[in-house]
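Asks: A predicted structure for the sequence below; I have some questions about it.
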Amino acid sequence: MATTVLGSNRRGLVESVFGAVRDIGARVLRELRYALATPSGRIGLPLVALHLTLALVGPLLAPFPATDFHLADRFAGPSATYWLGTDEFGRDIFSRVMSGATSIITISLAGTALGIVLGTSIGLTSGYLGGKVDEVIMRVMDGLMSFPSLLLALLVLTTLGPSHLNIILTIGVVFTPSVARVMRSATLTVKTMEFVQSARLRGESATYIIFREVLPNTMPVLTVEASVRLSYAILLASSIGFLGLGVQPPSPDWGLMISEGRSHITDSPLIVLAPSFAVASLVIGVNLLAEGLREARELPEGEQTE
Amino acid sequence: MARLLLVRFGLVAVTLFVISFAIFVVTMVLPGDVATQILGQGATPDNVAAVRHQLGLDQPWPLRYVEWVGGAVHGDLGDSLVQRRPISEIIGRRIGNSIMLASFTFLVAIPAAVAVGIWAGVKRNSLGDRAASMLSLAAISLPEFVTGVLLIMIFSTTLGWLPSSSIVEAGTSPLTRPQIMVLPALTLTGVMFAYIMRMTRANVIEVLDTNYVRSAVLKGLPMRRVLWRHVLPNAMLPTISVIMLNTGWLLGGLIIVENVFSYPGLGRLLLTSIQTRDTPLLQALALLIAATYAGANLIADLAYAWLNPRVRFA
Amino acid sequence: MTITPGPPPIRHRPAQESVEQTRDGVDTEPPLLEVKDLAVTFRTPRGTVWAVRHASFTLRRGEVLGLVGESGCGKSTVAFATIGYLPGTAEVRGTIKYEGRDLMSLSPAELRAVRGSRVAMVYQDPGSALNPTMRVGDQVEEVLNTHCAAQGQAATDRVRELFTSVGLPNPGRIGRRYPHELSGGQQQRVVIAMALACEPDLLLMDEPTTGLDVTTEATILDLVTELKDRVNAGIIFVSHNLGVIARVADRVAVMYAGQIVEEAPVREIFTDPSHPYTAGLLSCVPAPPNASGEVPLLRSIPGSVYPASEPTVPACLFTDRCTIVQDVCHLEPPPEVTAEATGHPVRCFFPDQVDRTIWGAAEARTPRPRTGDAPLLDVEGLHQYYGKLRKKYGLFGPTVSRPVRANVDVSFQVGRSRTLGIVGESGSGKSTTARSVAGLEERTAGEVILDGEPLAPAVAARNAAERAKVRMVFQNPASSLNPALPVGHALVRSIRKARGVGKDEARAIAARLLESVGLDAGYLDRRPRELSGGEQQRVALATAFAADPALVIADEAVSALDVSVQAQVLNLIAKRQREEGTAFMFISHDLGVVRYLSDDILVLYAGHVVESGPAKAVLRPPWSPYTEALLSAAPVPDPDAELTRIRLEGAVPGLQRPFAGCPFAGRCPRYLGDLCDNVPPPMQQDPSTPGHQILCHIPLEELTVEQRKTFAEA
């Protein structure tokens, strides 16, 4: 039953990956449970959960469709009908905020997930294989990282055009290098541990070692990094929306709402305040969750690169 | 150490070339044609072709790249397609404004943030530290544009103390009306301050737990000496790298803040160039920003290497 | 030049006087330090830790009190409590009186005045105890500036004096260096100089030589014993190493689970212990061979150390492991009594029943003679170089760094079912050898032949059968097991891969394997963090045995374990060899352990083999001069053992350039001159013992004669 280094027999590979995915799911849940035990996590996780729920059911629960005009009631103040008043087109602010949750959360989550999956695969492989492969990959990552992320995002979006998918892709690509860096560094730490050497002596394939031995031990670092990236993703996505390069009107994007609402502050400050509060509370929640995850595992507050 | 310098410089040069190439390629693919924009939708294909020829857009792109890079190295970035003026001139007038804004942030935010971070780290878990942590968490959770708009709402709309936008007459310096700089600077400073403070605090806490600080304390040294000679020099090493790396963030923040306040700087120019499909201007700005970031990273690396005896006297 | 001491004024007493007073047993001087009923408890959010449950002792000037115990016994905590450095979570009870003043009631300002000037500390890891961004001379000067009111040139001169007195080379210039530019031994001397700067009355030394090479350790211990006579201070010396304690201490306090269980003058502790734990410790520590060259069998103490996280119960805390336990031991905590037979304080109900044989009569471990069989493993000309030749400008310019020559022309054999002990210090290349043989690193050159078949350099290139034959056990038990997976996972996988059986059968085999190392089958599903260090290492052993290997490489496998647990693992290794005929390559820096276990010994220095052969032959003259120095330096758990005073200066040479002559030429006490520097020495075969060879220019007969003389003089 000879196995080679890269790529074992097909069944072994599938087995490894499936096993890893099941495993990872269980570990992520465990990290979240640990985070709940910390004061930061106790506030952060429910806050994030709230927003996630909003993202899922927001448009359904909103009293009015977010794009409906009510021209007779423009700039109305808060009332029983319009809980937060209306904007310059008479659209219900409350409904718009509730509906806006979906797009920004979907985009941020998907973009972060993409960045994490890509970055982790690259970082783990590069870190484990070492040598020339590692050097080349890291140079490429460094090259990508030499752009400030907003700039890179703007350039890519202008090229590809503003659609949900493109923003997700952009965020994913922009985040991959930092995630790869962090995961590579975690891999290097785990790689030196003797149980990895024992696995090599047993003749385990590189795929098995990376996914079943190394990856589970990087979970604490990974979950913290994922939550930090998520907060950056939300900031990035909303900034892109603000600059008008993201989702186009009349979609209820929070960043866009703030941008459009700037000229009507005197008429109805809630046009700006409501989405601001929404964004702020979401990011604070994610940041608190990140703090909780970090505290639960007593990880140091490492370098926060962009 | 000398070898390190050489390698680093080499890397930066290579990186810059790669960046310039990437920018060029990306902007090449931009949808929308400048010529059509200039002439309007109803232009005839012949006219469009003529304008394109005039602007040199019909030459093969590798040639255009080489020309561009050659020019850039000499400081000649070509002409703006929309404004029909040398880009270096356009940038030259605005770059000072952005630098002023960035400098203010750097010079004010950083020393203040480092000082507060040190204090918070030393007084770990005290009431003051917890308050600082909470406030800084809130600060980094707000996107710059939200902070900016909120500040406008408070100081401009409600209190009327400061203007809500920073537009000045073309050609004049913002310094003629310094009040337009206050809010943008405050916005930028806020978030930067929070990041640096948290980073410094974390580094100080980490250093306070080391064995050599323990040695210093057990030598009976007065606390002030322990802080100045043992804690700070070691905590500042990683902090300095982070400060330099955060320049990248600062550049991004600059783009947003200038747009919130319509401040006449490079960030505003960047967005305008995107909206008007002014490709050469976009390329030039992107290159400039990326090069600045690369330069900051280089300085960070070198500063760290010089300050860390383990690297300097390897 | 005079130094004005800061308050309180130093009372100088001529050193001789006070030592004589102690010798006479006349107690005219009040004790320097009086610790009474000290208890330290940490209340952390994760639970309570009873670090010190009860400690009382006194210390006089000019005397060294050794605090010995295993991990978690609280000895370091006692030292830190004495200098008042405990975290905020600590609850302290009892009194610590220094010259009559209760140290714990001092204000922060008073405490600062005492620290560094009257009470000073030396730490375990000198590299991390020094500020990396400050020159070492400045770090010592600080103490003088703060406490002795010495400034400027006066202070710098005093620093140079101090550096000379602790034996640092170039005392005038070394102060300008940064810590990372010094070797481990030099760093520790700087820390000692820092502690001595203001002539303290009380010196606390917390494992100061742990982590240093044996030869370096010997020089530092020399320094400490010399200090004892020169400086009129009381010293508390904390260590887990009985050999080290035997060398430096005048009196010894043995600690177990946060309590001092016995206290006695050093000789009596070793010859006539009054507490079962002390007797047990002595039986666990590998002792040097007796006059007829026999090595006593190691007895191990079953179980593991009573954890500091368990509360104090009203019973003796040693009952689970004690060999003379009786009913009363479970019901009441033993009082501190004075043993009738010996007259020293001990915490036991039955101190008079205790002697060195209660854990088993001393038996000799019979070494096995060589058979004529073909060797199992044959390594020829192993070279292992790391890194590449780098020039300043890519392909041109002066060379900036060269490859590190970790193993140069290393050749040896491991006999079937025999144990080869590989001994050497840092930089010797012993771990590299292990990894190269195992295939974890690809060797640069050389042949590795197992069972007649050559092995590929990389483990991934070997086939499954070859892989099954060679397994490894590592130093750090905690990272030898994957913390994210249950303990049985690697074990079961190993069995399945090697024997091709199904899951259930593999589990059954795994359970049997665990039992063979003394753990029950329930451990299969536990996580590594639930196991103690000793248990983890036993699992690691079982996992190595799972593939039924012909050769197991143990790379410092017992170095990170407590003494009482070490013996368990060593005995398991011996048992495996007896029962299954597994051969072992046992790598260690601890000569005592190698001596105990090995049939053959290989001595490495700076990547070269300097001596090899059957254990008995290597352990007696003729020796290679390096082996001689090693044996001379190794601390022995016998206070009366007068070791020969062969001391090595300097440090292991850099490994980047090939040696023109002998690698040991720079430090060899038997250095001949140019011959040693420029001509590679021959590997001389010992005519009296086949298989014994020594790398040296000096003819073996001459060596034998000279070394027997030095040995006899000792």
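Replies: Sure, I can see it. Numbering: from 1, shown residues only, chains lettered A, B, ... in the order given.
Asks: list the contacts for the residue of the stretch 401-550 of chain C found nearest chain B?
Replies: Taking C-beta to the nearest C-beta, chain B has its nearest neighbour within the stretch 401-550 of chain C at residue C:401, 9.7 Å off. From N, CA and C alone the C-beta is placed, and that goes for glycine too. Taking C-beta atoms under 8 Å, 6 or more residues apart in numbering or on different chains, we find residue C:401 in contact with C:387, C:389-390, C:656.
Asks: and these, which of them are in strands?
Replies: Judged by DSSP state E, the contacts of residue C:401 include residue C:390 as members of strands.
Asks: so which of the contacts of residue C:401 is the closest to residue C:578?
Replies: residue C:387 (42.3 Å; C-beta to C-beta).
Asks: what's that closest one sitting at in phi/psi?
Replies: Backbone geometry at residue C:387, expressed as degrees, to the nearest 10, gives phi 90, psi 180.
Asks: okay, now it: neighbour count?
Replies: Residue C:387 has 12 neighbouring residues, counting by other C-beta atoms under 10 Å in any protein chain shown.
Asks: in space, what's closest to it - neighbours in sequence excluded?
Replies: Nearest non-adjacent residue to residue C:387, counting by C-beta to C-beta, 6 or more residues apart in numbering or on different chains: residue C:403, 4.6 Å away.
Asks: any idea how many residues pack against that neighbour?
Replies: As a measure of burial, residue C:403 has 15 neighbours, counting by other C-beta under 10 Å.
Asks: was I right to think it contacts residue C:383?
Replies: No - if you go by C-beta atoms under 8 Å, residue C:403 and residue C:383 don't touch, sitting 10.4 Å apart.
Asks: on that earlier part again, lowest-confidence one in the contacts of residue C:401?
Replies: Ranked by pLDDT, the contacts of residue C:401 bottom out at residue C:390 (72).
Asks: surely that residue touches residue C:398?
Replies: No - taking C-beta under 8 Å as the definition, residue C:390 is not a contact partner of residue C:398, at 10.3 Å.
Asks: picking up where we left off before, and the residue nearest to residue C:387, what does it touch?
Replies: Contacts for residue C:403 (C-beta under 8 Å, 6+ apart) come out as C:385-389, C:656.
Asks: can you pick the most crowded of those?
Replies: residue C:385 (20 neighbours).
Asks: look up how far chain A lies from residue B:220.
Replies: As judged by C-beta to the nearest C-beta, to the nearest Å, residue B:220 and chain A stand 29 Å apart.
Asks: how about the secondary structure of that residue?
Replies: coil (DSSP: H, G, I helix; E, B strand; the rest coil).
Asks: next up, the contacts around it.
Replies: Residue B:220 touches C:111-117, C:143, C:146-147, counting by C-beta under 8 Å, 6+ apart.
Asks: from residue C:78, how far out is the residue of chain B found nearest chain C?
Replies: Of all residues in chain B, residue B:220 sits closest to chain C, with a separation of 3.4 Å (C-beta to the nearest C-beta). Distance, residue B:220 to residue C:78, by C-beta to C-beta, to the nearest Å: 20 Å.
Asks: look at whatever residue of the stretch 301-450 of chain C ends up closest to chain A and say how many residues are nearby.
Replies: Nearest to chain A in the stretch 301-450 of chain C, going by C-beta to the nearest C-beta, is residue C:440, at a distance of 5.6 Å. Residues near residue C:440, counting by other C-beta under 10 Å, number 19.
Asks: I'd say it and residue A:197 touch.
Replies: Yes - Residue C:440 lies in contact with residue A:197 (C-beta under 8 Å); the separation is 5.6 Å.
Asks: mind checking the longest helix of chain A?
Replies: helix A:93-129 (DSSP state H).
Asks: next, see if that one gets close to chain C.
Replies: No - Helix A:93-129 stays clear of chain C (C-beta under 8 Å from any C-beta of the partner chain), getting no nearer than 12.0 Å.
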